[in-house]
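K.L.:
Predicted coordinates and the sequence they were generated for:
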Amino acid sequence: MKKILIYQLISILILVFVLSCSEQVIQNEKPSGITVEIAKEWFLNKYEKPSRVQDNKEIFRQAFWDAAYEHKTMGTTVIVVPITHIYKNQQRGIKQLWVYNNSKGEMISRVIEYIFPEKSDRDFNYKKFSDRNLKNFSGVLLIRDWDNNFIGGYEIINNKKISFITEISNAKSEKKARPSATCYGENCRLYKNYTVGHPEADFSYMSCLSFSWQCPDLLSFEMDNGGGGFDPAANAYDPFATLQYRYERIVSDPCGALKRMWQVQRNAGKEITAWKTTTGDMIILPTDQNTQNASYSTGVFLGANGTPVAVITNINNQWVAELYNGNGVSNGTFQLTEMYHTHPWMPAGVSNAFPSGDDLNWYNSNSNGGTINAFIVHHDSIIKYNGSGTQSTVSNNCRDY
Amino acid sequence: MRVILIIFLATFSLVAMAQESCKREYLINTPVKVKLMADYVSSSVRGNFFVNGKGVIKLIRFKDSDGNDNWSLSVMIDDSYKENLPTSYALFGIDVILVYDGEDHKAKANPFDAQKLKCLESVIQNRLYIRPPFQDKYMTYDGIEGRPLGKDSTGNFVKRIINREFSALGNTSNGLWVTFNKDMTEYKTGSYY
């Protein structure tokens, strides 16, 4: 009996110890005090033109705040914002914008690039990205600020930080980018020629399985938790959509729809056509038939299995969209009032803000008969045009840069 | 011999009359323009814009806000030029160029002239397809030869009018925008979108 009492006492002591440890962990977590709205307001105020690097017009970025969400990683709540990063007219890398409070309580932002180990996986295939079990991410993270300055990075295997990336060099220019400060020993630093990223670059890293993560975490994320744990953040939105065999209907958000069109245009490298319904929705059409300088606006649009997903017809001078799920089941019929198509973003000094011959032919064709309002989604503005080529700028294109 | 001479004179006079009705310009008259047009024809052939060997080049000339000469080039494969006859024509090798005066990338409208059309037809010969009159095209997805699009409220398969006339926006005819410098010794090009 006495022994039993002793065992019970020991058990209680152990239980109290464990509970006290748990309490300690909870007490160490700081309230984040950050929300998507706060992060967005801070970010847009801080960066005058937040979607484009000022000194390099070949880089084009867009942040999708409507898909931002809170995510917890390394003990810190971060706001994750999907972004596209276009360099020389191509989507480059799977990247996110993170906004959060650093270890000093100051709000900061970082651009996170996910690089998968296999080169075939680095081709911006969002489906692969979203389908992966990101709870066991293996690959490389590169961390930059919004001005595209390299800050640091990690090699990660199954969510464990294995090595800290200290510098990268552009494979073509050999221009090296280094972290802004150093706090690691030279004897702990290894060099390895390993081509990663977009644009492709070499990076060198230090591989020290036993060293403290405090320093690298402070350098790159300005987080003081360290500890090696990392929770990748899956995108809540498909920023790499090309809509090859499907349509998207954007409900009651014309401005968001225009931004979405521009995004798809950039991702697909093709012109994009959309129609506005009488209720204000926008239907962005599949892009399979389109090219970099032409897009289809009417007719039958097939899904991946050859079954119609959208049919755009003119019935008694009324344009109509019939939408299907790809298996013959209707997703609704909509009357249309306006037609939009994109013109690609052009370098400074080159204009494409006017309707082409085919644009005018379409407007004047018998099937349209001048019954619709037609618009060009230009990178600076929205341009309305008619069959005689008369055009007017009706608004900006809703892009927040 | 006399008969042959009469036939020759008659033919010559007909050609001369026809040519008077439509003005020919010697437009491709400098090495720069020859290079430009040679490149354009070459790209159009490579891109199969002269479908089955048919087609003429449509050229719209206009001045931009800086006073520079601009050309808008495209390939036309049907006889839609009859809806707005060109100002003149030019030749480049075996290719016919229909020249329009224009403004801001668009051709100005010219009055119809039956004699001019006849003249142009003699120049163009069989280089263009005859454009059929407009007609709606019907599509029925009956679930047998096509895939089912769905049924209407009466249970019948959906039948829809589909017209793909000019369903494409942008540039499907190898449109090229050319801007010359002041002395016409250099040019830059851009695509249409």
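P.N.:
Yes, it's here. Numbers count the residues shown, from 1 in each chain, chains lettered A, B, ... in the order given.

K.L.:
show me what contacts the residue in chain A that chain B sits nearest to?
P.N.:
Residue nearest to chain B within chain A (CB to the nearest CB): residue A:294, separated by 3.4 Å. Glycine gets a C-beta too; all of them are placed from N, C-alpha and C. Residues near residue A:294 by CB atoms under 8 Å, 6 or more residues apart in numbering or on different chains: A:271, A:358, B:168-172.

K.L.:
next one: residue B:190
P.N.:
With contact set as CB under 8 Å, 6+ apart, residue B:190 has these partners: A:350, A:352, B:176-177, B:179.

K.L.:
Now do the same contact list for the nearest residue to residue B:107 once chain neighbours are set aside.
P.N.:
Ranked by CB to CB, 6 or more residues apart in numbering or on different chains and with sequence neighbours excluded, the top spatial neighbour of residue B:107 is residue B:100, at 3.7 Å. Contacts of residue B:100 were listed using CB under 8 Å, 6+ apart, and they are B:58-61, B:84, B:86-87, B:107-108, B:110.

K.L.:
Equivalent analysis for residue B:64, please.
P.N.:
Neighbour list for residue B:64: B:70, B:179 [criterion: CB under 8 Å, 6+ apart].

K.L.:
all helices for the chain, in order.
P.N.:
All of this refers to chain A. Counting by DSSP state H, chain A has helices at residues A:2-28, A:36-46, A:126-131, A:214-220, A:254-268, A:357-364.

K.L.:
meant chain B actually
P.N.:
For chain B, the helices defined by DSSP H occupy B:2-21, B:31-46, B:114-124.

K.L.:
re the thing from before, look up the residues forming beta bridges with the residue nearest to residue B:107.
P.N.:
On the basis of DSSP bridges, residue B:100 is bridged to residue B:60.

K.L.:
And it, what's its pLDDT?
P.N.:
pLDDT, residue B:100: 98.

K.L.:
Compute the distance between it and residue B:25, please.
P.N.:
Going from residue B:100 to residue B:25 by CB to CB, to the nearest Å gives 12 Å.

K.L.:
hmm, back to that, can you list the contacts of residue A:294 in JSON lines and add neighbour count?
P.N.:
Converted to JSON lines, the contacts of residue A:294 look like this (neighbours: other CB atoms under 10 Å in any protein chain shown):
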{"residue": "A:271", "neighbour count": "28"}
{"residue": "A:358", "neighbour count": "23"}
{"residue": "B:168", "neighbour count": "24"}
{"residue": "B:169", "neighbour count": "32"}
{"residue": "B:170", "neighbour count": "31"}
{"residue": "B:171", "neighbour count": "22"}
{"residue": "B:172", "neighbour count": "21"}
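
K.L.:
Make TSV out of the residues you listed and add pLDDT and distance to residue A:306.
P.N.:
Below are the contacts of residue A:294 laid out as TSV (pLDDT from 0 to 100; distance: CB to CB, whole Å):
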residue	pLDDT	distance to residue A:306
A:271	93	23
A:358	89	26
B:168	86	21
B:169	90	24
B:170	91	25
B:171	91	27
B:172	90	23
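
K.L.:
Narrow these to those in strands?
P.N.:
Of the contacts of residue A:294, the ones assigned to strands by DSSP state E are B:168-170.

K.L.:
Please list which of the residues you listed are also close to chain A.
P.N.:
The overlap between these and the neighbours of chain A (CB under 8 Å from any CB of the partner chain) comes to B:168-170.

K.L.:
picking that back up, so for the residue of chain A closest to chain B, what's the pLDDT?
P.N.:
pLDDT for residue A:294: 91.

K.L.:
most centrally placed residue in chain B?
P.N.:
With distances taken as CA atoms, centre = their mean, chain B has residue B:76 as the residue nearest its mean C-alpha position (2.8 Å).

K.L.:
residues touching the residue nearest to that one when sequence neighbours are not counted, list them.
P.N.:
The shortest distance from residue B:76 to any non-neighbouring residue, by CB to CB, 6+ apart, is to residue B:58 (4.7 Å). Going by CB under 8 Å, 6+ apart, residue B:58 touches B:72-76, B:81, B:86, B:97-98, B:100, B:107.

K.L.:
PyMOL command to pick out the buried ones of those residues?
P.N.:
Remark: buried members of the contacts of residue B:58, expressed as a PyMOL selection using 16 or more other CB atoms under 10 Å in any protein chain shown:
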select buried, chain B and resi 72+73+74+75+76+81+86+97+98+100+107
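
K.L.:
which one of the contacts of residue B:58 sits closest to chain A?
P.N.:
Using CB to the nearest CB, residue B:74 comes nearest to chain A of those, at 5.9 Å.

K.L.:
Who is that closest one paired with across the strands?
P.N.:
Using DSSP bridges, the bridge partners assigned to residue B:74 are residue B:58.

K.L.:
Just to check, it is in contact with residue B:178?
P.N.:
No. Counting by CB atoms under 8 Å, residue B:74 does not reach residue B:178; the two are 11.4 Å apart.

K.L.:
picking that back up, mind putting the contacts of residue A:294 in JSON lines, distance to residue A:145 included?
P.N.:
Below are those laid out as JSON lines (distance: CB to CB, whole Å):
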{"residue": "A:271", "distance to residue A:145": "33"}
{"residue": "A:358", "distance to residue A:145": "43"}
{"residue": "B:168", "distance to residue A:145": "43"}
{"residue": "B:169", "distance to residue A:145": "39"}
{"residue": "B:170", "distance to residue A:145": "38"}
{"residue": "B:171", "distance to residue A:145": "39"}
{"residue": "B:172", "distance to residue A:145": "43"}
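
K.L.:
burial of the nearest residue to residue B:87 once chain neighbours are set aside, as a residue count?
P.N.:
Once flanking residues are discounted, residue B:87 sits nearest to residue B:101: 4.9 Å by CB to CB, 6+ apart. Residue B:101 is flanked by 13 other residues according to other CB atoms under 10 Å in any protein chain shown.

K.L.:
Over to the one 3 residues further on?
P.N.:
Residues lying near residue B:104 (other CB under 10 Å) number 15.

K.L.:
For chain A, what's its nearest residue on chain B.
P.N.:
For chain B, CB to the nearest CB, closest residue to chain A: residue B:170, 3.4 Å.

K.L.:
Tell me the bridge partners for that residue.
P.N.:
With DSSP bridges as the criterion, residue B:170 is bridged to residue A:294.

K.L.:
got it, and residue A:82?
P.N.:
The partner list for residue A:82 in beta bridges (DSSP bridges) reads residue A:96.

K.L.:
What of residue A:248?
P.N.:
Legend: beta-bridge partners of residue A:248 under DSSP bridges are residue A:284.

K.L.:
Residue A:338 now?
P.N.:
Beta-bridge partners for residue A:338, by DSSP bridges, are residue A:276, residue A:373.

K.L.:
Could you tell me how many residues sit around it?
P.N.:
Quick note: residue A:338 (other CB under 10 Å) scores 18 neighbours.
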